[in-house]
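Peer 1: give me coordinates for this.
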Amino acid sequence: MIKTAKIIIVPILCLLSLSFINFWIIPLIFCLVITLCNLKEFNSEITFKFFIASYISFIIGILVYSLTGNLLELLLEEKFQIGKWDIVDISYLVAVGIISPMLFFYMNSLFIKKISFFNNLIKILIGVIIISVALIIIYSYDIHSDFGFKIWQFVVAFILQFIILNDFDNTSEIKT
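Peer 2: Numbers count the residues shown, from 1 in each chain. Okay, the predicted model is just below:
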């Protein structure tokens, strides 16, 4: 019962906290919510590694978005569009909807040995599909772009919480 409540409450807390913060501290608040809600599962070493992995994936995601969108726009020299989507929108979808969540889970699996990327790949791919479809809907219907971050945080927190509660219970000690 408590596990089910944590799986539902943690993403909601992440979503609620997103409304009150600056863009650059999004990973900090996200990590604080996750670690505070999982004090039993996270020790200080895991918490530190989780913060580092989260910020690395956040910064790489921003770089991928910035570099691909702006670089492709410069290289093509003309306004490249598919329907009403321009190249920056497409790069946002690829960076935020696909690369960023995959990178987030992969980086955390590298830093935290209790989180297995490949054992949870189906869950992660389902999350990527949900985020990508949500971003397509957001851009197709001109919904405020901040909604994309909210969807990303909610879905990733939900999947991460599910993984933490399953993987940490199934291992008595850190795998090597």
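Peer 1: these two touch, right, residue 72 and residue 87?
Peer 2: Yes. With contact defined as C-beta atoms under 8 Å, residue 72 counts as touching residue 87 (4.9 Å). (C-beta placed from N, C-alpha, C; glycine too.)
Peer 1: so these two - more neighbours on which side?
Peer 2: Between residue 72 and residue 87, counting by other C-beta atoms under 10 Å, residue 87 is the more crowded of the two (21 against 15).
Peer 1: mind checking how far the more buried one is from residue 131?
Peer 2: 20 Å (C-beta to C-beta, to the nearest Å).
Peer 1: quick one: residue 35 from residue 13, how far?
Peer 2: Going from residue 35 to residue 13 by C-beta to C-beta gives 12 Å.
Peer 1: swap that for residue 155, sorry
Peer 2: Counting by C-beta to C-beta, the gap from residue 155 to residue 13 is 14 Å.
Peer 1: who's more crowded, these two?
Peer 2: More neighbours surround residue 155 than the other of residue 155 and residue 13, with 20 against 17 (other C-beta under 10 Å).
Peer 1: point out where the protein drops to low pLDDT.
Peer 2: Residue ranges of the chain with pLDDT under 70: 1, 18-21, 76-84, 144-145, 169-176.
Peer 1: what's the longest helix belonging to the chain packed up against?
Peer 2: Ranked by residue count and defined by DSSP state H, the top helix of the chain is helix 44-76. Packing contacts for helix 44-76, counted by 3 or more C-beta pairs under 8 Å, 6 or more residues apart in numbering; DSSP states H and E, involve helix 26-37, helix 87-92, helix 100-111.
Peer 1: buried set for it?
Peer 2: Judged by neighbour count using 16 or more other C-beta atoms under 10 Å, the buried positions of helix 44-76 are 46-47, 49-51, 53-54, 56-58, 60-61, 64-65, 68-69, 73.
Peer 1: let me see the contact set for the nearest residue to residue 163 once chain neighbours are set aside.
Peer 2: Once flanking residues are discounted, residue 163 sits nearest to residue 120: 5.1 Å by C-beta to C-beta, 6 or more residues apart in numbering. With contact taken as C-beta atoms under 8 Å, 6 or more residues apart in numbering, residue 120 is in contact with 105, 159, 163, 167.
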